[in-house]
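[1] structure for the following, please:
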Amino acid sequence: MQQTIKNWFSLKGLSLHSGKSVVVTVKPALEDTGILFKRLDVPSEVSIIRAHYSNVIESRLCTAIQNEHGTKVSTVEHLLAALAGTGIHNAIVELDGPEVPILDGSSLEFVKKILSVGVTKLSKPIRAFKVIDEIEVAEGDLWAKITPAETLSISFGIEFKDTAIGNQELSLSMCNGSFVREISYCRTFCSMSDVKEMHSKGLAKGGSLENAVVAEGDQILTPGGLRTEDECVRHKILDALGDLSLAGGVLIGSYASYKGGHRLTNALLRKAFSRSGYIESIDVNQEMIKKQPGFHVMPEDLVYIN
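    Got it, this is the predicted structure:
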């Protein structure tokens, strides 16, 4: 059955782009609502934006979505990953600005809140999109693809110029709470030279050593260092899960990417739904439910996080 949260929760933090304080409130929703974002700082008739790949717009540093009225919300990927990774299919996200707060640069605070308020089952089956043929997109040596599989898994490879991060590869199944235990706490990352360049252009005003892994050469500048040795590639898997959730339902397939990111994942989804033969829409049966992201996730899963 589809799921939503049992009760609402709020979090307050800085936006990545402007550095301004934003309050985000996540509320329960009825079955087949999907994930909706609602801007409280604009007129109600233009305030709703559906979390869907077709609403994604070009945006540096993050995933941004926009409705037909031009109302947009950016940096949605970490919250979307938290919802997908805890098995939430329906929710209304209210915020008093144009961007979801960056918090610590991961999904952890969202996950903690979701697990603290709990999850409730709804009456309708989970809608899923099963991959039935391989789909691939590429830009130079960057690529992303998804192939048929019985469950959702995500594989990623990265190359980073700073040796403190370097080359990393990882593949993980998203079944049975692995997102919460293995991925949710992993922060976004960048080079110190990137930080300086973005700040010089008036970008990433809310970015700091407190909400990102920042590397310079063979050093990690972020206080406390890495949360796990391969935190950066794990964060890429986090981003990918959030971006893949923009399919509008659970995606069943094996996703892999090399040096990809938000733009390539969105291009992959657009291609997947561009014609028949790539994706089959199905209802998830009782046996398949046990293999879905977020199945039987509990607050106790947080103890696995160092």
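
[2] show me the contacts for the residue nearest to residue 221 when sequence neighbours are not counted.
    The shortest distance from residue 221 to any non-neighbouring residue, by Cβ to Cβ, 6 or more residues apart in numbering, is to residue 214 (4.6 Å). Quick note: C-beta positions are derived from backbone N, CA and C, even for glycine. Residues counted as contacts of residue 214 (Cβ atoms under 8 Å, 6 or more residues apart in numbering) are 189, 190, 191, 192, 195, 220, 221, 222.

[3] you'd agree the last one is up against residue 211?
    Spelled out, that is residue 222. No. Under the criterion of Cβ atoms under 8 Å, residue 222 makes no contact with residue 211, lying 9.1 Å away.

[4] which residues do these two both contact?
    residue 187.

[5] how near is the residue nearest to residue 221 to residue 17?
    17 Å (Cβ to Cβ, to the nearest Å).

[6] then residue 100?
    Distance from residue 100 to residue 17, by Cβ to Cβ: 11 Å.

[7] settle it for me: which of these two has more neighbours?
    Using other Cβ atoms under 10 Å, the more surrounded residue of residue 100 and residue 17 is residue 100, with 27 against 23.

[8] spatially nearest residue to the more buried one (excluding sequence neighbours)?
    Nearest to residue 100 is residue 75, by Cβ to Cβ, 6+ apart, at 4.7 Å.

[9] and that neighbour, how far from residue 267?
    In terms of Cβ to Cβ, residue 75 sits 19 Å off from residue 267.

[10] who's more crowded, these two?
    Remark: of residue 75 and residue 267, residue 75 carries more neighbours, 23 against 17, as counted by other Cβ under 10 Å.

[11] identify the residues contacting residue 32.
    Counting by Cβ under 8 Å, 6+ apart, residue 32 has contacts 2, 90, 124, 127.

[12] farthest-separated two in those?
    90 and 127 (10.5 Å; Cβ to Cβ).

[13] which residues do those two both contact?
    2, 32.

[14] okay, helices next: where are they in the stretch 201-306 of the chain?
    231-244, 262-272, 286-289 (DSSP state H, counting those that start in this stretch).

[15] please apply the same query to the stretch 51-200 of the chain.
    Using DSSP H, counting those that start in this stretch, helices in the stretch 51-200 of the chain cover 77-85, 108-117, 178, 192-200.

[16] show me the contact partners of the first one.
    By Cβ under 8 Å, 6+ apart, the list of residues contacting helix 77-85 from outside reads 24, 26, 35, 51, 62-63, 91, 93, 100, 102-103, 105-107, 110-111, 114, 174, 179-180, 183-184, 188, 238-239, 241-246, 250, 262, 293-294, 297.

[17] so which of the residues you listed are in strands?
    24, 26, 35, 91, 93, 250 (DSSP state E).

[18] tabulate these (CSV), appending distance to residue 57.
    Output for the ones in strands among the contacts of helix 77-85, formatted as CSV (distance: Cβ to Cβ, whole Å):
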residue, distance to residue 57
24, 20
26, 22
35, 17
91, 21
93, 17
250, 24
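
[19] dump the residues you listed to JSON lines, plus neighbour count, pLDDT and distance to residue 275.
    Converted to JSON lines, the ones in strands among the contacts of helix 77-85 look like this (neighbours: other Cβ atoms under 10 Å; pLDDT from 0 to 100; distance: Cβ to Cβ, whole Å):
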{"residue": "24", "neighbour count": "23", "pLDDT": "98", "distance to residue 275": "36"}
{"residue": "26", "neighbour count": "26", "pLDDT": "98", "distance to residue 275": "34"}
{"residue": "35", "neighbour count": "25", "pLDDT": "98", "distance to residue 275": "25"}
{"residue": "91", "neighbour count": "23", "pLDDT": "98", "distance to residue 275": "30"}
{"residue": "93", "neighbour count": "22", "pLDDT": "98", "distance to residue 275": "31"}
{"residue": "250", "neighbour count": "25", "pLDDT": "90", "distance to residue 275": "21"}
